[in-house]
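# sequence unavailable; structure follows:
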């Protein structure tokens, strides 16, 4: 075959192949278009369904809003009616109450006046006493005196032993360690201090004994204040007991005690079988 014949065959084959490729491409494009159209149809149907649903919801909302407004209006009308009725009833009740009160006052005044007139008449007839009673006598209340309960506060304590002269120093607090009475538990035998349990007027008394030309002074103290002092100085070979008494107003929590004075403390303080140093006090009720 000549070269021109081969070239012709090649051209023929190439044309056939190209025609087949173009046809295939055209067929694929038609399929794609068809698919797209189907999808568009589906979307349009979905949109239509959603639109119908939205329309129904909008109608429902409108109906509910209308019902709500009607219900609200009816409720307000009923409330207004009830309030008006209540005010009218209240006003009527007040008028009735006032009229009843007025009638009661008038009746009571009439009864009182009648009673007083009868009483005056009976007194005048008996000849015992003629007295004019006021038209509106006041009632007097007999107030009974209130009964107050009081707590007994009292203490009495002694020393169990002597205090040697070497221990009798300035401002030494005397400890009366043997308690005989302690009503109210105000006295503390470990320290010799009476802590006031209740405010009020109290009587306090203290005694101490020394002898043989000794020289001592003792003070009654309330907190840090001296409220009483006694001094004893017996002759040589003698014995003596000194006693102090004080009536004081003290407050709850105050400390009351007896101590050796800083002015004079030159001897033993005795407390033994033939004489006891003591401290006592009680509240005046």
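On my side now, so go ahead. These numbers come from a predicted model, not from an experiment.

# helix or strand right after the helix or strand of the chain with the lowest mean pLDDT?
Least confident helix or strand, the chain: helix 3-126 with a mean of 71, by mean pLDDT, DSSP states H and E. As assigned by DSSP states H and E, the chain's next helix or strand after helix 3-126 is strand 154-158.

# following that following strand, which helix or strand shows up next?
Next along from strand 154-158, by DSSP H and E: strand 178-183.

# now that following strand against strand 154-158, angle please.
Going by axes from the mean of the first three to the mean of the last three C-alpha atoms, to 10 degrees, strand 178-183 is angled at 180 degrees with respect to strand 154-158.

# buried sites along strand 178-183?
residue 182 (16 or more other C-beta atoms under 10 Å). C-beta: built from backbone N, CA, C; applies to glycine.

# now do that strand: which elements does it pack against?
Using 3 or more C-beta pairs under 8 Å, 6 or more residues apart in numbering; DSSP states H and E as the contact test, the elements touching strand 178-183 are strand 154-158.

# so what are the domain limits for this protein?
Domain assignment for the chain, taken from automatic domain parsing, gives 12-137, 154-283.

# pLDDT of the last one, averaged?
Confidence over domain 154-283 (mean pLDDT, whole number) is 91.

# measure that domain end to end?
Domain 154-283 has its terminal residues 6 Å apart, counting by C-alpha to C-alpha, to the nearest Å.

# how far away is residue 112 from residue 272?
Between residue 112 and residue 272 the computed distance is 80 Å (C-beta to C-beta, to the nearest Å).

# ok, residue 80 next?
To residue 272, residue 80 is 100 Å away according to C-beta to C-beta.

# same check, this time on residue 193
Computed as C-beta to C-beta, the residue 193 to residue 272 distance reads 24 Å.

# the more surrounded of these two?
residue 193 (17 against 12; other C-beta atoms under 10 Å).

# now do the contacts for that one.
Applying C-beta atoms under 8 Å, 6 or more residues apart in numbering, we find residue 193 in contact with 173, 187, 255, 256, 257.

# bridged to it, which residues?
In this entry, residue 193 is beta-bridged to residue 188, by DSSP bridges.

# ditto for residue 269
Using DSSP bridges, the bridge partners assigned to residue 269 are residue 163.

# wait, it touches residue 166, no?
No. Counting by C-beta atoms under 8 Å, residue 166 is not a contact partner of residue 269; they are 11.7 Å apart.

# got the contact list for the residue lying closest to residue 229 once chain neighbours are set aside?
Counting by C-beta to C-beta, 6 or more residues apart in numbering, the nearest residue to residue 229 once its immediate chain neighbours are dropped is residue 219, at 4.8 Å. Residue 219 is in contact with 226, 228, 229, 258, 259, 260, 261, counting by C-beta under 8 Å, 6+ apart.

# separation between residue 219 and residue 178?
Per C-beta to C-beta, residue 219 is found 22 Å from residue 178.

# with residue 236 instead?
Using C-beta to C-beta, residue 236 is found at 30 Å from residue 178.

# can you check residue 200 too?
Going from residue 200 to residue 178 by C-beta to C-beta gives 26 Å.

# then residue 256?
Remark: distance between residue 256 and residue 178 (C-beta to C-beta) = 18 Å.

# swap in residue 208?
Distance of residue 208 to residue 178, given as C-beta to C-beta: 14 Å.

# do residue 110 as well
From residue 110 across to residue 178, the span is 78 Å (C-beta to C-beta).

# do residue 72 as well
From residue 72 over to residue 178 the distance is 91 Å, taken as C-beta to C-beta.

# same check, this time on residue 209
In this structure, residue 209 and residue 178 are 15 Å apart, going by C-beta to C-beta.

# try residue 166
To residue 178, residue 166 is 23 Å away according to C-beta to C-beta.

# just residue 237 next, same as before
According to C-beta to C-beta, residue 237 and residue 178 sit 28 Å apart.

# tabulate the contacts of residue 219 in a markdown table, adding columns for neighbour count, distance to residue 279 and secondary structure.
Listed next are the contacts of residue 219 as a markdown table, based on neighbours: other C-beta atoms under 10 Å; distance: C-beta to C-beta, whole Å; DSSP: H, G, I helix; E, B strand; the rest coil:
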| residue | neighbour count | distance to residue 279 | secondary structure |
| --- | --- | --- | --- |
| 226 | 11 | 16 | strand |
| 228 | 18 | 12 | strand |
| 229 | 15 | 15 | strand |
| 258 | 26 | 6 | strand |
| 259 | 18 | 11 | strand |
| 260 | 22 | 13 | strand |
| 261 | 17 | 15 | strand |
